[in-house]
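[1] Give me a model of this one.
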Amino acid sequence: MARTPLSGFPEWTPAGRVVEQHVIDHIRRTFELHGFAGIETRAVEPLEELMRKGETSKEVYVLRRLQETEEGADSELGLHFDLTVPFARYVLDNSHHLAFPFKRYQIQKAWRGERPQAGRFREFLQADIDVVGQDTLPFVFEVEVAIVMAEALAGIPGVDVVIGVNNRKLSQGFYEAIGLDDVEGTLRIVDKLAKVGPGTVTEMLVTELGASHAQAEAALQLAAIRATTGAEVSEQVRALGARSENLEEGLDELSRLLDAASAAIPGRIQADLSIARGLDYYTGTVYEGTIRGHEHYGSVCAGGRYDSLVSDGKRTFPGVGLSLGISRLLSFVLGNELATASRPVPTAVLVAVTEETERPDSDAIARTLRERGIPTEVSPTAAKFGKQIRYADRRSIPFVWFPESGEVKDIRSGDQVAADPAAWTPPAEDLAPRVLVAE
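    Below is the predicted model of the structure:
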């Protein structure tokens, strides 16, 4: 009986898993090079905490046991659907152990009961970075997280991701200056621009918020601005004629971010004033990363500055962060065959077995190679050497070791040389599987 695949839960092939692990390792190294400490939070949170996120609350997977406890405690838990809610709770629970500003990264799975579609899953891997302060947080960290994430994305094989940035103060100040009173409502509508188009956004601004057509047109002109330097974005914004204190503060911060990013990692970060990030807790810089040339795929990373997401009533912990959808990005890379592994197994050497009675000799060679960091298997049978070579070839193992002759063979080229297991090392490119990027 044929089994129906369970949609929304990605499972990569061994070669795909090599690519995924390469991506994870690269991201982790990048974050740690910038001083971010790794944490992991529990998979579940109290349901009442998860339900505070509005529309996303409908997508929470509730945790229940088949045999309920008398207290029914398990029915009050849900799997986290992002890493923001558990991180906010983590900061409050551990604030007395943390040194602020606290720089953390988290690479962990999340679960969301949305309709599976291209790049969107019910179970997915995310990589988040955040910097959280106590009571205050300097603007410099809004620059830092953007550059760190851009560096991490620059090492993802097969794709070119650009991070678009905006500043909520700039947008808010502009809307106030042109007479749009419902700033939060305007931000939420403009945030839909890429999905519904300018015509629908104009209609929504006019019918839902009571904006004039001139005000809607001005909002769309602001959203159309793109720039890579502070001078460019300042010139384009000021050409629209609006002025306000909030606008000037946000424009100054955005300009500083662009100039710092241009010096650190050119071409990876640009101003995109259509980015609004509809969630109302964002208060400064907002970010959204897309694959260059494939913007229709949607964002692969997003985030922003928040000043009141984390608070215990006495202290406030403002922060800024970005979340990268690893599963979403990998789905694009692997689905379009943009990258693959040089081989699907870690094994570099297969040690042949001449006779079953001589298997201990093969095992000893394998142990010596492994002690020197060379991934090695021993042939499962003492079949003819031709069959053992074919076994290695099927598994994409590049070298076969023959104990009796003391020689090792590169089965791709046919070259065979005498070798000592205590000294021989395969070429660096064959020691471990490599990620190959399609031309």
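[2] what residues are up against T202?
    213, 216-217, 220 (C-beta atoms under 8 Å, 6 or more residues apart in numbering). For every residue, glycine as well, the C-beta is placed using N, CA and C.
[3] can you check K103 too?
    Contacts of K103 by C-beta under 8 Å, 6+ apart are 34-37, 129-131.
[4] at 7 Å what do you get?
    35-37, 131 (C-beta atoms under 7 Å, 6 or more residues apart in numbering).
[5] quick one: which of the residues you listed is nearest to Y297?
    Checking the contacts of K103 against Y297 by C-beta to C-beta gives F36 as the nearest, at 26.8 Å.
[6] one step back: can you select the buried ones from the contacts of T202 in PyMOL?
    Burial among the contacts of T202 is assessed by 16 or more other C-beta atoms under 10 Å; the matching PyMOL selection reads:
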select buried, resi 216+220
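[7] Now for the contacts of K103: which two are most distant?
    Every pair of the contacts of K103 checked by C-beta to C-beta; the farthest is A37 and V131, at 11.0 Å.
[8] Can you pick out the residue with more neighbours from these two?
    V131 (24 against 13; other C-beta atoms under 10 Å).
[9] For the more buried one, list each beta-bridge partner.
    K103, V320 (DSSP bridges).
[10] on that earlier part again, now, the contacts of T202 that are in strands?
    Judged by DSSP state E, strands contain none of the contacts of T202.
[11] what about the helices in this protein?
    14-33, 47-50, 84-94, 140-154, 168-177, 183-190, 193-209, 213-223, 230-238, 245-264, 326-335, 359-371, 385-394, 428-431 (DSSP state H).
[12] lowest-confidence stretch among those helices?
    Lowest mean pLDDT within the helices of the chain: helix 47-50, a mean of 86.
[13] and the most centrally placed residue in the chain, what does it touch?
    Of all residues in the chain, the one closest to the mean position by C-alpha atoms, centre = their mean is L324, 2.5 Å from it. L324 is in contact with 126-127, 149, 300-301, counting by C-beta under 7 Å, 6+ apart.
[14] In strands only, show me those.
    126-127, 301.
[15] for those residues, which one is nearest V353?
    Out of the ones in strands among the contacts of L324, the member with the shortest distance to V353 (by C-beta to C-beta) is A127, at 43.1 Å.
[16] residue contacts, that closest one?
    By C-beta under 7 Å, 6+ apart, the residues touching A127 are 27, 105, 107, 324, 326.
[17] And the residues you listed, which is closest to P426?
    I27 (27.4 Å).
[18] Distance check, the closest one against A154.
    Using C-beta to C-beta, to the nearest Å, I27 is found at 11 Å from A154.
[19] between the two, which one's more packed in?
    Each of I27 and A154 has its neighbours counted (other C-beta under 10 Å); I27 has more, 23 against 15.
[20] could you list every residue that touches that one?
    Here I27 is in contact with 107, 127, 152 (C-beta under 7 Å, 6+ apart).
[21] about what we covered before: how about TSV for the ones in strands among the contacts of L324, with pLDDT and distance to E176 added?
    Shown next, in TSV, are the ones in strands among the contacts of L324 (pLDDT from 0 to 100; distance: C-beta to C-beta, whole Å):
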residue	pLDDT	distance to E176
Q126	97	34
A127	98	36
C301	96	29
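[22] Next, format those residues as JSON lines and append distance to A231.
    Below are those laid out as JSON lines (distance: C-beta to C-beta, whole Å):
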{"residue": "Q126", "distance to A231": "35"}
{"residue": "A127", "distance to A231": "33"}
{"residue": "C301", "distance to A231": "26"}
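[23] Can you give me the neighbour number for G179?
    12.
[24] Let me know the pLDDT of it.
    95.
[25] surely it meets A216?
    No: the pair G179 and A216 fails to qualify as a contact (C-beta atoms under 7 Å) at a distance of 11.6 Å.
[26] show me the residues around D130 that make contact.
    D130 makes contacts with 87, 104, 319-321, as judged by C-beta under 7 Å, 6+ apart.
[27] For those residues, which single residue is the most surrounded?
    Comparing the contacts of D130 by number of neighbours (other C-beta under 10 Å), V320 comes first, having 30 neighbours.
[28] I'd assumed A146 was in contact with it.
    No: counting by C-beta under 7 Å, V320 does not reach A146; the two are 9.0 Å apart.
[29] for R65, phi and psi?
    When read as degrees, to the nearest 10, the backbone of R65 gives phi -90, psi 150.
[30] What is the neighbour count of it?
    R65 is flanked by 10 other residues according to other C-beta under 10 Å.
[31] How about V44: what's its closest non-neighbour residue?
    L77 (4.4 Å; C-beta to C-beta, 6 or more residues apart in numbering).
[32] make that A37, sorry
    In space, A37 is closest to R104, 5.6 Å off (C-beta to C-beta, 6+ apart).
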